[in-house]
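Student: Provide a 3D model corresponding to the input given below.
(one chain, ligands or ions: 1)
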Amino acid sequence: MQLTSYDPSKFPKARAPTLPTPSPECFCLLPQPILAGVLTLENTLHLHSGRYALALALKQAKISSDDGVLLPAYHCLAMVEPLRLAGVRPVYYPINSDLSIDIIEIEKRSSGVKAIVAVHYFGFPQDFRLLRNLADRLGLILIEDCAHACFGAINGAPLGSLGDYAIASTMKFFPIGHGGVLASTRHRLVQPALKNPPLKIELKTVINLLENAHAYHRLGRLGRLLNILIQMKDNLLRKKRRSQPLTPSRNEATPEYVMDSRWLGWRSSRVSRFLLRHARTDDLIKRRRDVYRMFLGALAHRRDCRPLFPDLPEDVVPQVFPLYVNQCLPVFVNLKRQGVPIIRFGEFLDDPVDQELCPVSIDYAEHVLQFPCHQCLKDDEVAWVIERLIIALDTAESC
Ligand SMILES: Cc1ncc(COP(=O)(O)O)c(C=O)c1O
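Tutor: Numbers count the residues shown, from 1 in each chain. Presented below is the predicted three-dimensional model:
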């Protein structure tokens with residue numbers, strides 16, 4: 001039977017963390033050196049996440065309703081939501097199969113457009129020099145989307161420094177719960193009236209971090225004590241729910257990418273900023289590259305799939321391991337049913353993107369899976385993911 005759809009609510013929780021997850025070994029008492037990249041650019045603001053940074057970039061660039069903003073056809077809905085919130089019109093441009101940009105396609109679509117968002121996909125830097133020249137010639141604001149590429153440089157320039165604005169998603173690289181950055185080397189960031197989030201949010205951040213760390217057995221003996229506290233909290237919540245009329249919670253009622261307008265006026269939590277400064281950075285890059293190579297070594301020779309980036313150049317810090325899978329849907333469903341952590345960037349594309357606009361984006365949306373390669377994964381977790389993946393590929397092949 002050909003599998004055409006699935007119910008994500010039936011998938012179990014991932015058995016290894018999809019995003020960096022805290023454990024005591026992840027942090028040091030002393031603040032850690034900041035690794036070169038977006039975080040070391042001149043002006044930076046720490047926000048809740050990358051999508052809030054994009055929303056603020058639009059504001060800083062004075063892009064408002066009815067202006068057009070060019071977005072790549074290969075995107076996730078978290079990139080579209082800030083535009084919707086600002087009433088800005090997304091204008092989609094196609095991408096090449098190596099995820100680079102054809103500037104002729106940009107120029108063709110530039111009428112009525114104020115800005116362009118360009119992405120360094122999955123941690124692999126793109127050369128945006130031609131795009132920068134085009135943006136200067138056409139008077140476009142270039143927003144460099146470094147949500148997948150927090151570190152590194154290209155042609156000697158730190159990632160994010162070519163754009164008028166750069167955004168990053170620090171929570172994809174550090175075990176901090178949430179976090180994003182807006183940065184600029186070209187413009188002074190007009191300090192908006194950003195506040196610290198209220199204490200309730202700080203506490204919620206701590207609880208979420210601890211619960212997540214506990215769920216993945218990252219807390220050792222402290223985990224047992226936490227078990228008791230979590231049970232007490234769950235009992236309390238259950239009692240509270242019983243005494244209240246039934247209304248869907250935000251998580252049940254709202255798609256994951258929808259933004260909470262309160263966070264537009266808040267910095268990231270003090271807890272997340274503190275953890276970011278104290279997160280061990282000494283082996284972050286090496287570990288991510290090592291895990292990426294483990295995936296490459298296990299899969300590079302197969303005919304039923306191909307790594308989107310089969311080489312790992314020296315200064316690349318991968319966000320994930322993106323894999324093009326010929327029979328993607330059965331493999332994806334098989335793995336998700338076993339609790340294998342997978343991200344599917346671009347699984348849901350905005351309506352205007354179709355085969356005619358960008359066949360590559362449609363193809364990648366249907367066939368590319370991303371596996372986490374972050375520094376908090378243990379060796380046995382990586383080995384388990386690879387083993388499950390190979391079995392799922394073999395099974396799909398033999399059907
Ligand atoms: C390329 C890209 N840009 C922006 C975002 C938004 O980042 P965040 O999830 O931190 O809000 C994402 C989210 O996955 C993304 O993949």
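
Student: Please parse the protein into its domains.
Tutor: The record, using automatic domain parsing to delimit domains, assigns the chain the ranges 8-19+282-398, 27-184, 199-261.

Student: Residue 75: neighbouring residues, count only.
Tutor: Residues contacting residue 75 under the criterion other Cβ atoms under 10 Å number 23. C-beta here means a position set from N, CA and C on the backbone, and glycine is covered the same way.

Student: Identify the spatial nearest neighbour of it, chain neighbours not counted.
Tutor: Beyond its immediate neighbours in the sequence, the residue positioned closest to residue 75 (Cβ to Cβ, 6 or more residues apart in numbering) is residue 346, lying 6.4 Å away.

Student: Wasn't that neighbour part of a strand?
Tutor: No: assignment of residue 346 by DSSP: H, G, I helix; E, B strand; the rest coil gives coil, placing it outside any strand.

Student: That one: what's it in contact with?
Tutor: Residues near residue 346 by Cβ atoms under 8 Å, 6 or more residues apart in numbering: 74, 75, 76, 361, 364, 365, 368.

Student: Select, out of the domains of the chain, the one closest to residue 272.
Tutor: Nearest to residue 272 among the domains of the chain is domain 27-184; the distance by Cβ to Cβ comes to 4.4 Å.

Student: Over to the closest one now: how far is its first residue from its last?
Tutor: According to Cα to Cα, to the nearest Å, domain 27-184 extends 28 Å from its N-terminal end residue to its C-terminal end residue.

Student: Kindly report the same for stretch 242-254.
Tutor: For stretch 242-254, the first-to-last residue distance is 22 Å (Cα to Cα).

Student: can you list contacts of the strand or helix carrying residue 297?
Tutor: Residue 297 belongs to helix 284-299 when assigned by DSSP states H and E. Identification of contacts with helix 284-299 by Cβ under 8 Å, 6+ apart yields 35, 123, 151, 173, 305, 307, 310, 312, 316-318, 321, 323, 371, 373-375, 377, 382-383, 386, 389-390.

Student: Which of those residues fall within helices?
Tutor: Residues of the contacts of helix 284-299 located in helices (DSSP state H): 382, 383, 386, 389, 390.

Student: And the furthest pair within the residues you listed?
Tutor: Within the ones in helices among the contacts of helix 284-299 (distances taken as Cβ to Cβ), the two that end up farthest apart are 382 and 390, at 12.7 Å.

Student: So which bits of stretch 368-380 are buried?
Tutor: Of all the residues in stretch 368-380, those buried under the rule 16 or more other Cβ atoms under 10 Å are 368, 369, 370, 371, 372, 373, 374, 375, 376, 377.

Student: now the ones in helices among the contacts of helix 284-299 in JSON lines, with pLDDT?
Tutor: Below are the ones in helices among the contacts of helix 284-299 laid out as JSON lines (pLDDT from 0 to 100):
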{"residue": "382", "pLDDT": "98"}
{"residue": "383", "pLDDT": "98"}
{"residue": "386", "pLDDT": "98"}
{"residue": "389", "pLDDT": "98"}
{"residue": "390", "pLDDT": "98"}
